[in-house]
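Asker: attaching a predicted model along with its sequence, questions to come.
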Amino acid sequence: MTRTVNRRWFDKRFEADWEGARRNAHWLSMILLKIDHFKRFNDRYGHAPGDECLVRVAAELKKIGRA
């Protein structure tokens, strides 16, 4: 388990946050990240290494977000 959010979560959250930002006249920024060829990685190495890859990518993005 990666404990990161997926596209379904993003879509639901974006809709709710967009509506709130529109209603309150606030800015909204969100990032959707796609990892190219990830399916190939997952198919070749398996889901456990694929999950670990996603955890590492998420950890690096969190570091950048705090900078």
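Answerer: Now that the structure is in, tell me what you want to look at.
Asker: helices and strands around the host helix or strand of residue 56, which ones?
Answerer: Element membership of residue 56 [criterion: DSSP states H and E] is helix 47-66. With contacts defined as 3 or more CB pairs under 8 Å, 6 or more residues apart in numbering; DSSP states H and E, the secondary structure elements packing on helix 47-66 are helix 38-45. From N, CA and C alone the C-beta is placed, and that goes for glycine too.
Asker: buried set for the helix it packs on?
Answerer: residue 42 (16 or more other CB atoms under 10 Å).
Asker: list the buried residues of the helix holding residue 56.
Answerer: Within helix 47-66, the residues that qualify as buried by neighbour count (16+ other CB under 10 Å) are 50, 53, 54.
Asker: which non-adjacent residue is nearest the last one?
Answerer: The one in question is residue 54. Counting by CB to CB, 6 or more residues apart in numbering, residue 2 is the residue found nearest to residue 54 once chain neighbours are left out, at 4.6 Å.
Asker: coming back round to it: got the buried residues of helix 47-66 as CSV, with distance to residue 13 columns?
Answerer: What follows is these, written out as CSV (distance: CB to CB, whole Å):
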residue, distance to residue 13
50, 23
53, 23
54, 18
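Asker: same question for stretch 40-57, mean pLDDT?
Answerer: Predicted confidence along stretch 40-57 averages 94 (mean pLDDT).
Asker: using CSV, list the CA coordinates for it.
Answerer: Presented in CSV, the C-alpha positions along stretch 40-57 are these (Å, rounded to 0.1, in the frame of the first residue of the first chain):
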residue,chain,number,x,y,z
ARG,A,40,5.5,-1.2,-18.0
PHE,A,41,7.5,-0.9,-14.8
ASN,A,42,4.7,-2.5,-12.8
ASP,A,43,4.3,-5.3,-15.3
ARG,A,44,8.0,-6.1,-15.4
TYR,A,45,8.9,-5.8,-11.7
GLY,A,46,5.5,-6.5,-10.0
HIS,A,47,3.1,-4.5,-7.9
ALA,A,48,5.2,-4.4,-4.7
PRO,A,49,8.2,-2.8,-6.4
GLY,A,50,5.7,-0.5,-8.3
ASP,A,51,4.2,0.6,-5.0
GLU,A,52,7.6,1.2,-3.5
CYS,A,53,8.4,3.3,-6.6
LEU,A,54,5.3,5.4,-6.0
VAL,A,55,6.1,5.9,-2.3
ARG,A,56,9.6,7.1,-3.3
VAL,A,57,8.2,9.5,-5.9
